[in-house]
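**Q** have a look at this fold, sequence not included:
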Ligand SMILES: Cc1ncc(C[n+]2csc(CCOP(=O)(O)OP(=O)(O)O)c2C)c(N)n1
Ligand SMILES: CC(=O)[C@@H](O)[C@H](O)COP(=O)(O)O
Ligand SMILES: [Mg+2]
């Protein structure tokens, strides 16, 4: 059957369609996502919820002159489909494929880069005020810029609204009276059910029986209010025009001088267009509160059933609208059991740590299952807190708990922790508070790409006085290092990668390790590899390849980036002609830098130059000084040279081993 969607190669192709046709396009977008993303995995549920919103927006707007901003961007697949990327959707999140979120280098219709939450309103205020400035100041315009302002709409979810920076922007827009439209896409879900007072407020509004259908409801609401009706008749358009609705639904927004329209059925294109036309007519910031269902149109995904990351094999179109997906491809019964993920081990250990010491508390910033703290929530709910998408609050909350004598463990992805850097510096480290930072997703995370790779934490934490910085080489070491961090009375950060451990047996008893002490794992001669975290496994792989070429390599686990094990560095430098550090982080300020600095401070003859008499050559291996793309981790590691083979080749070259010797290995 020919789809209307096949005729939509640019958003303007929507402009001539009837509202019935637009509603059909939205459903075709939904089916396209189900049929495509089901095969490749991706942010599934969120995207099924924005099909009508994307169609309604692009049918009334002239992108990219008019700007549509998608907060986080994980729900922007419909937007991508409608803006010329329909046929590339199957490549999304894949190496060399479409970006996982909106990306300004990918399309002129992707107005802002995203991946981290709660930023869209802030961008929107900047864009719209920039337009206002250029409207009046010709000299502020760029070449070819006619100064005619476009419309600006930010689409933000109820979860992302729990990020404080969203309110910083709403506050500024209300103060300036910025004519900006925000669509609050309220499905009651973050990745897991949304939390906090704001979520309760939205829910109270969203679930009220009266859905907003159009102006008549607005006027009715205005005229029905006792004492207001007559005012509306006397004052007329200015009150109606401003849409300052004197009703509970809008009070939060109206207190910030925003007009409020809602609650609109987010799956009804006609109602959405009507509300948007009202909003566009306003001369002030307007929020259109939209009610949607996460996973709409696919029962297993509705209301967050499939947070979106699972890869499953949807049956063909018959699975749509309530059908069940085809069963997952049955696992191979003879396949060896996969090792637990670092996340699973962390979550299980947190339950044990709480049971061993009732002062221990687990904190997540809206990543309940992503951090493994869902296990703690189930087992010890009193010792579990989800602050919403509010990493800064997570750390301030932890600081308060620590001051109260408790032992908070803030489990936050390395990349998301970047948002709370000042709280780490100013509150946790400077005051030497007893807080553990458990940074999951350290290193290259894969499909989520550059906004989510956790490659800066070694550097950004090592710079801080009072901070202990550590990384386990495997899941067993994670058990010990978590124990060590909780036992340590002060700021302690540990990092571990996304995905499965390496399959070592988990210890029955968690041991407290000596702070600042590394460990030699195998003894070689000419070359020493000093790994940090996942870098140890890469070093062991390289050592295996080098052995096949007749080169015996020492491999050691640095375990701590701060403080560095100076004695270990001294011994390795003294006994080897080449020392190689390996870390899944950027080099400036990283683990290798720490080794180099320690050698310099302690008179250890270490140089990055080759062939210096009396000195050991240092090679630092880590992440490149650029943002690494998205795709399967294996491909990304190969691209950046973070593999056993790449390391072995670099070592062989440094030792002057003739080309080809290793190639056979
Ligand atoms: C700073 C930050 N913290 C956490 C996340 C992880 N994250 C991605 S989407 C999401 C939930 C967003 O919920 P909402 O805004 O309601 O959108 P929905 O998925 O419901 O459409 C979270 C927590 C993130 N992207 N950025
Ligand atoms: C969009 C977003 O930020 C999260 O959904 C993130 O993609 C989750 O990452 P993991 O799959 O590593 O938990
Ligand atoms: Mg939501």
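**A** Nice, thanks for sending it over. What you are looking at is a predicted structure, and each value in this text was computed from that prediction instead of being measured. Ligands and ions are numbered 1, 2, ... in the order given.
**Q** near ligand 3, which residues of this protein show up?
**A** Contact residues (Cβ under 5 Å from the ion) of the chain with ligand 3: 157-159, 187, 189. Any C-beta I mention is one placed from the backbone N, CA and C, and that applies to glycine too.
**Q** ok, and of those, which contact ligand 1?
**A** The subset of the residues of the chain next to ligand 3 within reach of ligand 1, counting by Cβ under 6 Å from any ligand atom, consists of 157-159, 187, 189.
**Q** pull out the buried residues from the residues you listed.
**A** Among those, those buried by neighbour count (16 or more other Cβ atoms under 10 Å) are 157-159, 187, 189.
**Q** which helix or strand lies directly C-terminal to the lowest-mean-pLDDT helix or strand in the chain?
**A** Within the chain, no helix or strand scores below helix 237-242, which has a mean of 44 by mean pLDDT, DSSP states H and E. Later in the chain than helix 237-242, the nearest helix or strand by DSSP states H and E is helix 251-254.
**Q** which helices and strands does that next one pack with?
**A** strand 259-265 (3 or more Cβ pairs under 8 Å, 6 or more residues apart in numbering; DSSP states H and E).
**Q** name the helices or strands packed onto the strand it packs on?
**A** Judged by 3+ Cβ pairs under 8 Å, 6+ apart, the packing partners of strand 259-265 are helix 196-206, helix 251-254, helix 269-280, strand 286-291.
**Q** figure out which of the ones you listed is closest to residue 460.
**A** helix 196-206 (27.5 Å; Cβ to Cβ).
**Q** list the contacts of that closest one.
**A** Contacts to helix 196-206, defined as Cβ atoms under 8 Å, 6 or more residues apart in numbering, come from residues 158, 161-162, 184, 186, 188, 194, 248-249, 252, 262-263, 289, 291, 387-388.
**Q** restricted to buried residues, select these in ChimeraX.
**A** The following ChimeraX line selects those of the contacts of helix 196-206 that are buried, judged by 16+ other Cβ under 10 Å:
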select :158,161,162,184,186,188,194,249,252,262,263,289,291,387,388
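**Q** where's the dip in pLDDT among the contacts of helix 196-206?
**A** Among those, residue 248 carries the weakest pLDDT, at 64.
**Q** next secondary structure after the helix or strand harbouring residue 617?
**A** In the assignment (DSSP H and E), residue 617 maps to strand 616-623. For strand 616-623, the following helix or strand on the C-terminal side (DSSP H and E) is helix 633-640.
**Q** skipping adjacent residues, who's closest to the residue in the stretch 401-550 of the chain positioned nearest to ligand 3 in space?
**A** Nearest residue of the stretch 401-550 of the chain to ligand 3, counting by Cβ to the ion: residue 416, 16.9 Å away. Of all residues not flanking residue 416 in the chain, residue 391 sits nearest, at 5.4 Å (Cβ to Cβ, 6 or more residues apart in numbering).
**Q** for residue 515, same thing?
**A** Closest residue to residue 515 apart from its sequence neighbours, by Cβ to Cβ, 6+ apart: residue 468 at 6.1 Å.
**Q** same check on residue 122?
**A** residue 169 (4.0 Å).
**Q** stretch 152-163: end-to-end distance?
**A** Its start and end residues considered, stretch 152-163 measures 21 Å (Cα to Cα, to the nearest Å).
**Q** same question but for stretch 332-341, I mixed them up
**A** Stretch 332-341: ends 19 Å apart by Cα to Cα.
**Q** quick one: contacts of it?
**A** Contact with stretch 332-341 is made by 348, 372, 475, 498-504, 506, as judged by Cβ under 8 Å, 6+ apart.
**Q** now do 7 Å
**A** The contact list for stretch 332-341 (Cβ atoms under 7 Å, 6 or more residues apart in numbering) reads 475, 499-503.
**Q** report whether that stretch contacts ligand 2.
**A** No. Using Cβ under 6 Å from any ligand atom, stretch 332-341 stays clear of ligand 2, with a minimum separation of 10.1 Å.
**Q** flag every buried residue along that stretch.
**A** Buried residues in stretch 332-341 (16+ other Cβ under 10 Å): 339-341.
**Q** residue 178: which of the residues you listed is nearest?
**A** Nearest member of those to residue 178, counting by Cβ to Cβ, is residue 341, at 43.9 Å.
**Q** pLDDT value on that closest one, please?
**A** Residue 341 carries a pLDDT score of 98 in this model.
**Q** quick one, phi psi at it?
**A** phi -80, psi 160 (degrees, to the nearest 10).
**Q** distance of it relative to ligand 1?
**A** When distance is defined by Cβ to the nearest ligand atom, to the nearest Å, residue 341 is 17 Å away from ligand 1.
**Q** residue 272 too?
**A** Distance of residue 272 to ligand 1, given as Cβ to the nearest ligand atom: 16 Å.
**Q** interface residues of the stretch 151-300 of the chain facing ligand 2?
**A** So the stretch 151-300 of the chain meets ligand 2 at residue 191 (Cβ under 6 Å from any ligand atom).
**Q** contacts for stretch 650-659, please.
**A** For stretch 650-659, the surrounding residues in contact (Cβ under 7 Å, 6+ apart) are 526-527, 542, 546, 549, 551, 578, 580, 610, 617, 619, 661-662.
**Q** so where is the stretch 551-665 of the chain shaky, pLDDT-wise?
**A** Scanning the stretch 551-665 of the chain for pLDDT under 70 picks out 663-665.
**Q** excluding covalently adjacent residues, which one is nearest to the closest residue to ligand 3 within it?
**A** Residue nearest to ligand 3 within the stretch 551-665 of the chain: residue 630 (22.9 Å; Cβ to the ion). In this structure, residue 630 finds its nearest non-sequential neighbour in residue 449, 2.9 Å apart by Cβ to Cβ, 6+ apart.
**Q** which one is whatever residue of the stretch 1-150 of the chain ends up closest to ligand 3 nearest to, not counting chain neighbours?
**A** Residue nearest to ligand 3 within the stretch 1-150 of the chain: residue 46 (7.3 Å; Cβ to the ion). Closest residue in space to residue 46, ignoring its immediate chain neighbours: residue 75 at 3.8 Å, by Cβ to Cβ, 6+ apart.
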